[in-house]
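A.B. asks: Sequence first, predicted model second:
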Amino acid sequence: MGSPNRRNKLQLCIFGTRDRRLKQEISRLLHRLQPVITPRLPPGEINIIFVSNRKITELNRRFLGRNRPTDVLSFPLTQVRTGPGCGWVVGEIYISREQARLQAKAAGIRLHTELLQLVRHGLLHLAGFSHREMNRLP
């Protein structure tokens, strides 16, 4: 059982990448966003899952009825317990590596920068922010 402070925070589980630097940058991003998103989300874990275009197309079709790839999908969950000794999962964010690569190239930015923008976008959507509200946040 964790300390009370740990239970009141959001934690990340990152899947689909072995890039330690990216994982560290995502953790720093969550730390910066905590004051904005924590009041809107229950404490628990957020899964960030990097997937292929094929997988994100399947998810987009299944849950949004759109038969095409997208860059990021956010799914709030009502505190799903993942198993003994595991925490509560309060949401999942799926990010297409292929779409991120295409968008980074088109924008002339680093892939890591694009991936972090997509993680930020997904976290803010998970917390219930609209695109208009997101544009006003620092």
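C.D. replies: Good, I have the coordinates. Quick caveat, the model's predicted, so the values are computed rather than measured. Numbers count the residues shown, from 1 in each chain.
A.B. asks: Tell me where the model's unsure across this structure.
C.D. replies: 1-8, 78-87, 138 (pLDDT under 70).
A.B. asks: can you tell me which helix in it is longest?
C.D. replies: Scanning the chain for the helix with the most residues, using DSSP state H, yields helix 20-37.
A.B. asks: From the contact counts, what lies against the helix or strand following that helix?
C.D. replies: Following helix 20-37 in sequence order, the next helix or strand is strand 44-51 (DSSP states H and E). Secondary-structure packing of strand 44-51 (3 or more CB pairs under 8 Å, 6 or more residues apart in numbering; DSSP states H and E): strand 10-15, strand 88-96, helix 111-126. Placement of C-beta: from N, CA and C, glycine included.
A.B. asks: Can you give the contact residues for the shortest one?
C.D. replies: Contacting residues not belonging to strand 10-15 are listed as 23, 26-27, 30, 34, 37-38, 41, 43-50, 87, 90 [CB atoms under 8 Å, 6 or more residues apart in numbering].
A.B. asks: Stretch 33-42 now?
C.D. replies: 9-10, 79, 88, 90-91, 120, 123-124, 126-129, 137.
A.B. asks: Pull up the distance across it, start to finish.
C.D. replies: Chord length of stretch 33-42, first to last residue, is 14 Å (CA to CA, to the nearest Å).
A.B. asks: Spatially nearest residue to Val51, not counting backbone neighbours?
C.D. replies: Tyr94 (5.4 Å; CB to CB, 6 or more residues apart in numbering).
A.B. asks: so who does Leu111 touch?
C.D. replies: Leu111 neighbours (CB under 8 Å, 6+ apart): 100-101, 104.
A.B. asks: Same question for Tyr94.
C.D. replies: Counted by CB under 8 Å, 6+ apart, Tyr94 has contacts 49, 51, 55-56, 59, 72-75, 122.
A.B. asks: Show me the beta-bridge partners of it.
C.D. replies: Note on Tyr94: beta-bridge partners Ile49, Leu73, judged by DSSP bridges.
A.B. asks: roughly how far apart are Pro35 and Gly128?
C.D. replies: 15 Å (CB to CB, to the nearest Å).
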